[in-house]
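Participant: Prediction below, plus the sequence it came from.
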Amino acid sequence: MIKESNPATFVTTVDLALAKQFQKDLEEQGFVLSNPQYTIFAAKKKGVSCTLYQSGKLTVQGKEKDAFIEFYLEPHILKTYSYTHPTHTEHAEILQNLVSHIGIDESGKGDFFGPLCIAGVFATGDGIAKLKAFGVRDSKLITDKDILLIGRKIRESCAYHVVRINPLKYNELYAKFLNLNRLLAWGHATAIEQLVEKTDCHEVMIDQFAAEHIVITALKRKNLEVNLTQRHRAEEDLVVAAASILARAAFLEGLEKLRQEFQLPLPKGASAKTIEIGRQFVRQYGKEELEKVCKMHFKTLDSIL
């Protein structure tokens with residue numbers, strides 16, 4: 001994927017196999033979509049607009065384009081970070097920070113069905129070496145089967161804490177926070193609080209998901225004083241990568257529990273299959289039961305009901 005330098009416009013190429021998911025994601029984020037000639041779509045909302053052409057060329061403009069690229073486009077569509085981290089190479093080895101510290105990451109925020117999970121892991125220098133031996137790396141690079149296997153090894157060897165917010169509780173909390181990033185910050189602060197209490201470690205690294213002050217504010221509300229590092233691609237750190245694995249394992253286990261309870265193959269993500277299964281769920285159990293299995297603020301819900 002290629003980026004051309006331009007102070008006003010970001011230009012790259014997108015794998016057209018991702019076009020449908022890209023479009024659905026933008027709709028869920030509140031973009032208004034249109035279909036000008038020679039495009040797959042054009043999308044616009046306050047502060048940012050983007051156009052995906054039939055050739056695969058994508059342009060992004062607007063005063064909010066940097067945040068859109070940093071927090072959504074690069075991690076979820078491009079899977080490269082040449083815009084926000086121009087010196088980063090995709091094949092860079094995982095960083096090995098051997099100082100004892102806590103790592104935090106989440107899973108499930110983009111999945112309509114299932115819980116939101118935030119996990120924290122604490123490891124010392126020796127523990128970090130063990131994590132490497134276990135095959136710990138960014139959870140997005142690991143199969144579900146191996147996530148569960150490596151997750152068990154992490155739990156057996158490290159201090160950890162998992163905050164699993166099942167859909168019913170998630171919807172209750174979202175109604176209180178009215179903002180996913182503030183809800184995530186609360187979950188991160190809760191995991192940090194528990195691990196600081198268990199380990200007396202105050203060195204914390206998290207994968208940055210929003211403006212820095214959001215998590216800092218959540219920590220202050222808990223009267224937590226830590227040396228917090230917020231980094232994009234923090235999963236390059238082995239302890240954060242271990243946390244990402246535990247968070248993903250908790251999500252997979254929570255989703256499977258819901259599948260068993262309702263005897264439906266609830267899918268990951270927020271795709272056309274999600275809508276199909278969502279409609280089947282409503283036919284079998286009624287729309288009032290949806291809050292037990294899904295995140296009710298997703299625009300996916302509008303397509304189901």
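Facilitator: That came through, no problem.
Participant: buried ones in the helix or strand that contains Phe22?
Facilitator: Element membership for Phe22 (DSSP states H and E) is helix 19-28. Across helix 19-28, burial judged by 16 or more other CB atoms under 10 Å covers Ala19, Phe22, Gln23, Lys24, Asp25, Leu26, Glu27, Glu28. Glycine gets a C-beta too; all of them are placed from N, C-alpha and C.
Participant: mean confidence for the host helix or strand of Ala133?
Facilitator: For Ala133, the host element (DSSP H and E) is helix 125-134. For helix 125-134, mean pLDDT is 86.
Participant: I'd like to know which elements it is packed against.
Facilitator: For helix 125-134, the elements it packs on are helix 144-157, helix 238-262, judged by 3 or more CB pairs under 8 Å, 6 or more residues apart in numbering; DSSP states H and E.
Participant: Show me what the last one is packed against.
Facilitator: For helix 238-262, the helices and strands in contact under the criterion 3+ CB pairs under 8 Å, 6+ apart are strand 101-107, strand 116-123, helix 125-134, helix 144-157, strand 159-165, strand 203-207, helix 272-285.
Participant: What helices and strands are in contact with whatever helix or strand comes next after the last one?
Facilitator: Note on helix 272-285: by DSSP H and E, the next helix or strand toward the C-terminus is helix 300-304. Using 3+ CB pairs under 8 Å, 6+ apart as the contact criterion, the elements in contact with helix 300-304 are helix 272-285.
Participant: Could you check the helix it packs on and say which residues are buried?
Facilitator: Applying a neighbour-count criterion of 16+ other CB under 10 Å, one finds Thr274, Ile275, Ile277, Gly278, Phe281 buried in helix 272-285.
Participant: Need those in a markdown table (columns: distance to Lys198).
Facilitator: As requested, those are exported to a markdown table (distance: CB to CB, whole Å):
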| residue | distance to Lys198 |
| --- | --- |
| Thr274 | 37 |
| Ile275 | 42 |
| Ile277 | 38 |
| Gly278 | 39 |
| Phe281 | 38 |
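Participant: Looking at those, spot the one nearest Val204.
Facilitator: Using CB to CB, Thr274 comes nearest to Val204 of the buried residues of helix 272-285, at 33.7 Å.
Participant: Run the angle between the helix holding Phe22 and helix 272-285 for me.
Facilitator: Using axes from the mean of the first three to the mean of the last three CA atoms, to 10 degrees, the inter-axis angle of helix 19-28 relative to helix 272-285 is 60 degrees.
Participant: picking up where we left off before, redo the buried residues of helix 272-285 as TSV? Include distance to Val215 and pLDDT.
Facilitator: Shown next, in TSV, are these (distance: CB to CB, whole Å; pLDDT from 0 to 100):
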residue	distance to Val215	pLDDT
Thr274	29	91
Ile275	33	92
Ile277	33	94
Gly278	32	94
Phe281	34	94
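Participant: which among the residues you listed gets closest to Ser244?
Facilitator: Distance to Ser244 across the buried residues of helix 272-285 (CB to CB) is lowest for Thr274, with 22.6 Å.
Participant: Identify the residues contacting the closest one.
Facilitator: Thr274 makes contact with Phe112, Phe113, Pro267, Thr300, according to CB atoms under 8 Å, 6 or more residues apart in numbering.
Participant: Out of those residues, who's the most crowded?
Facilitator: Taking other CB atoms under 10 Å as the neighbour criterion, Phe113 ranks highest of those with 28 neighbours.
Participant: Could you report the pLDDT at it?
Facilitator: pLDDT, Phe113: 95.
Participant: how near is the closest residue to Leu305 other than its chain neighbours to Leu173?
Facilitator: Nearest non-adjacent residue to Leu305, counting by CB to CB, 6 or more residues apart in numbering: Lys287, 6.1 Å away. Lys287 sits 21 Å away from Leu173, going by CB to CB, to the nearest Å.
Participant: Settle it for me: which of the two has more neighbours?
Facilitator: Looking at Lys287 and Leu173 with other CB under 10 Å, you find the greater number of neighbours at Leu173, namely 16 against 13.
Participant: ok, then the element right after the strand or helix carrying the more buried one?
Facilitator: For Leu173, the host element (DSSP H and E) is helix 167-177. Where DSSP H and E defines the elements, the next helix or strand beyond helix 167-177 is helix 180-199.
Participant: now that next one, how far from the centre of its chain.
Facilitator: Put simply, helix 180-199 sits 16 Å off its chain's centre (CA atoms, centre = their mean, to the nearest Å).
Participant: That concludes my questions; thank you for your assistance.
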